[in-house]
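# Structure for this input, please:
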Amino acid sequence: MIKSKEILENRGVEVDLNGPEGNAFVLMGYVKGWCRDLGKESQPILEEMQSGNYEHLLDVMEREFGDVVTFYR
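Numbering: from 1, shown residues only. Below is the predicted model of the structure:
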């Protein structure tokens, strides 16, 4: 059986920043996938994420995806 792919909003996505999921490179990989799922351009977001420290990276992610992803510390 082939099922239709659910969009990100319906997945209840949660990310635990304390474990391996909190690694900056893992987070950037998630962003690429989420952008693809939502039809967004990932490159400008990734470049902004990399333009500062880890807290800046998290701020950008929260701004861009905080309405569809829950982040835990």
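# which residues in this protein form helices?
In order along the chain, the chain carries the following helices (DSSP state H): 24-38, 43-49, 54-65.
# Would you pull up how far stretch 29-48 lies from the middle of the chain?
When C-alpha coordinates are averaged (C-alpha atoms, centre = their mean, to the nearest Å), stretch 29-48 and its chain have centres 7 Å apart.
# So for that stretch, what gets flagged as buried?
Applying a neighbour-count criterion of 16 or more other C-beta atoms under 10 Å, the buried positions in stretch 29-48 are 31, 34-35, 37, 42, 45-46. In short, each C-beta sits where N, CA and C put it, glycine included.
# and of those residues, the nearest to Glu64?
Ile45 (5.6 Å; C-beta to C-beta).
# For the closest one, give me the pLDDT.
Ile45 is assigned 98 on the pLDDT scale.
# Hmm, Leu27 and Tyr54 touching each other?
No - with contact taken as C-beta atoms under 8 Å, Tyr54 and Leu27 are classed as non-touching, separated by 9.2 Å.
# thinking again about what came up before, tabulate the helices of the chain in TSV, adding columns for distance to Val13.
Formatted as TSV, the entries for those read as follows, by distance: least, C-beta to C-beta, whole Å:
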stretch	distance to Val13
helix 24-38	8
helix 43-49	16
helix 54-65	8
